[in-house]
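K.L.:
Dropping a prediction and its sequence here:
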Amino acid sequence: MDLNRVDQEKYARLVKLEPDVTCCIGCGSCTASCSAGVFSRTSLRSALLALQNGKEQEALSLLGACMFCGKCLMVCPRGLNTRHMILSIHKIYSET
Amino acid sequence: MKKNILIIGGGPAGLEAAASLKHSGNNIILIEKSHQLGGHLARWDRLFPDGIRAREVLDKMIASLDGVNYFTDTDIAQINILDRSYSVILSNGISVLADAVLMATGFDLFDARKKEEYGYGIYDQVITNADLEDWFRTREDSRIDHPKRIGFVHCVGSRDEKSGCRACSKVCCATAVKQACEIKAEFPDAQVYCFYMDLRMFGKHYEDLYLKAQKEYGIRFIRGRVSEVAEQIDKTLQVKAEDTLSSKPLKVTLDLLVLMSGIRPSQNLEPVRKALQLAKDDDGFINERDAVYELQKTSMPGLFVAGAVTGPKTLPDTLAEARAAALQILSYLADNDKKPAK
Ligand SMILES: Cc1cc2nc3c(=O)[nH]c(=O)nc-3n(C[C@H](O)[C@H](O)[C@H](O)COP(=O)(O)OP(=O)(O)OC[C@H]3O[C@@H](n4cnc5c(N)ncnc54)[C@H](O)[C@@H]3O)c2cc1C
Ligand code: SF4
């Protein structure tokens, strides 16, 4: 991974829309309680990290199976708006 | 009867102990090896977690000395144990018969040159936490010239058995997060990264500081130890680490790398320690009599400790120990008075 090649402009747009994306403490609660994760690898924690590392496709695929049930919202210890964050990630990074 | 209490070290621990003892009716003598009072506090600019000015805290401490006898540029030339006192000759020629001695000799900052792979002293753009504090205070350092990409390396010379220290230095996570916010505030366009192994934000308000770093300053925290640094032809630095949360190696180019040098035992204390045959811990710091109940006492009667002389401490920890040591010294002197002379 090369952090020099991260699309900082796109990430900045996401942060503006969802300031919570910078506040993850990497605890893994969201991943552990994810209903979609039972069927297909889904992890908001990993997706946020992937975005910071410039792995946009990987991030999208880690969130592709999300059903927006909102369980992650209930377990996040920082009270981050995880559900809305996932929506915005799709919105910003799915554009071509 | 008036007793002599000798305090070795004019840093936060020594100053606070002296201020706490000044009204006790005893004769307090404080000595400081360097030319000024304040110890490491005199070198810091703003303090974690809330950004209080170090100078203001120090000025208050010095003001509250208020009449205590002190000597700067003064060390211990000789120290001997007598029956109930210590016979001390100071480097300025003065002799003191001390009924109690407080060692408040503090710590040394780890010499970052010893971690050669990080290039301190070799590459221009690698500095330490203390250098950055100097810059915040004085604005004088040609290495800090509008950096656009800045990295902080946690645990330099701490949690690193190869560099001779297994222990955590306790204060450098909070220092790194504080400095990351401060430098981002100076250079708002810069990308700022913190390379950490565990983030030890244990104290009151520390977690708030961490949240602020993420939320207000957009500091990027990367969980992984920097393994190597290489200087490029244009003086920028190529830094490699593993992002252990994604199990992938990463590299990034930086304009400035700040090393969080850790807290090491003070070498200035060694002659005194040897003269008194005082035991030190595996990590080189002085051992307390026990690590729960008798933190301010040593294995020797009348010899007390406070502050970073026994290991890494924050300032509030240090000051609390200094006040505790003052009380313990007074109760030791009072008990001694009741015992019949040999
Ligand atoms: C980079 C960094 C930043 C920090 N920032 C903060 C912060 O923001 N907030 C916070 O709470 N804490 C902070 N700390 C911790 C703080 O610096 C310590 O808690 C404090 O300095 C400990 O005080 P001390 O008196 O025990 O030791 P010191 O500050 O080391 O003072 C010891 C003094 O004793 C003198 N001395 C040593 N040997 C002798 C001798 N033989 N004879 C005479 N004098 C002698 C020394 O010259 C020195 O002046 C920081 C630490 C580091 C490394
Ligand atoms: S306080 Fe943080 S940076 Fe300092 S040694 Fe401990 S873990 Fe490392």
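P.N.:
Structure received. Ligands and ions are numbered 1, 2, ... in the order given.
K.L.:
Out of the helices and strands in chain B, which is least certain?
P.N.:
Here the helix or strand of chain B ranked lowest by mean pLDDT, DSSP states H and E is helix B:270-275, holding a mean of 92.
K.L.:
other SSEs contacting the following helix or strand past it?
P.N.:
Next helix or strand after helix B:270-275 toward the C-terminus (DSSP states H and E): strand B:303-305. Secondary-structure packing of strand B:303-305 (3 or more CB pairs under 8 Å, 6 or more residues apart in numbering or on different chains; DSSP states H and E): strand B:100-103, helix B:315-338. Where you see a C-beta, it was placed from the backbone N, CA and C, and this is true even at glycine.
K.L.:
Please identify the most buried of these.
P.N.:
Highest mean neighbour count among those (mean count of other CB atoms under 10 Å in any protein chain shown): strand B:100-103, with a mean of 28.
K.L.:
That one close to ligand 1?
P.N.:
No. Using CB under 6 Å from any ligand atom, strand B:100-103 never reaches ligand 1; the gap is at least 8.4 Å.
K.L.:
and the helix or strand that that strand is followed by, anywhere near ligand 1?
P.N.:
Proceeding N to C from strand B:100-103, the next assigned helix or strand is strand B:107-109, under DSSP H and E. Yes. Strand B:107-109 is in contact with ligand 1 by CB under 6 Å from any ligand atom, via B:107, B:109.
K.L.:
quick one: buried residues of strand B:107-109?
P.N.:
Of the residues in strand B:107-109, B:107-109 count as buried by neighbour count, 16 or more other CB atoms under 10 Å in any protein chain shown.
K.L.:
can you list the residues you listed in CSV and add distance to A:Gln52 and pLDDT?
P.N.:
Below are these laid out as CSV (distance: CB to CB, whole Å; pLDDT from 0 to 100):
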residue, distance to A:Gln52, pLDDT
B:Phe107, 35, 98
B:Asp108, 36, 98
B:Leu109, 32, 98
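K.L.:
ok, of these, which one's closest to chain A?
P.N.:
Closest approach to chain A among those (CB to the nearest CB): B:Leu109, at 29.0 Å.
K.L.:
Across the sheet, point out what pairs with that closest one.
P.N.:
Beta-bridge pairing for B:Leu109 (DSSP bridges): B:Ile263.
K.L.:
contacting residues around it?
P.N.:
Contacts of B:Leu109 were listed using CB atoms under 8 Å, 6 or more residues apart in numbering or on different chains, and they are B:40, B:128, B:130, B:261-264.
K.L.:
now, which of those sits nearest B:Glu242?
P.N.:
Closest to B:Glu242 out of the contacts of B:Leu109 is B:Gly262 (21.3 Å), distances taken as CB to CB.
K.L.:
I'd guessed the closest one sits against B:Gly157; true?
P.N.:
Yes. With contact defined as CB atoms under 8 Å, B:Gly262 and B:Gly157 form a contacting pair (4.5 Å).
K.L.:
Find residues that contact each of these two.
P.N.:
Residues touching both B:Gly262 and B:Gly157 by CB under 8 Å, 6+ apart: B:110, B:165, B:169.
K.L.:
quick one: least confident of these?
P.N.:
pLDDT is lowest at B:Cys165 among the shared contacts of B:Gly262 and B:Gly157; the value there is 91.
K.L.:
Show me the beta-bridge partners of it.
P.N.:
B:Asp160.
K.L.:
if I read this right, it contacts B:Asp111, doesn't it?
P.N.:
No. Using CB under 8 Å as the test, B:Cys165 is too far from B:Asp111 to be in contact (11.8 Å).
K.L.:
of the contacts of B:Leu109, list those near ligand 2.
P.N.:
Contacts with ligand 2 within the contacts of B:Leu109, counted by CB under 6 Å from any ligand atom: B:Gly262.
K.L.:
Can you tell me which of the contacts of B:Leu109 are buried?
P.N.:
Buried among the contacts of B:Leu109 (16+ other CB under 10 Å): B:40, B:128, B:130, B:261-264.
K.L.:
Among those, which one sits closest to ligand 2?
P.N.:
Distance to ligand 2 across the buried ones among the contacts of B:Leu109 (CB to the nearest ligand atom) is lowest for B:Gly262, with 5.4 Å.
K.L.:
Number of residues surrounding B:Glu133?
P.N.:
Around B:Glu133 there are 20 other residues, counting by other CB atoms under 10 Å in any protein chain shown.
K.L.:
isn't it right next to B:Leu47, touching?
P.N.:
No. Using CB under 8 Å, B:Glu133 is not in contact with B:Leu47, being 10.1 Å away.
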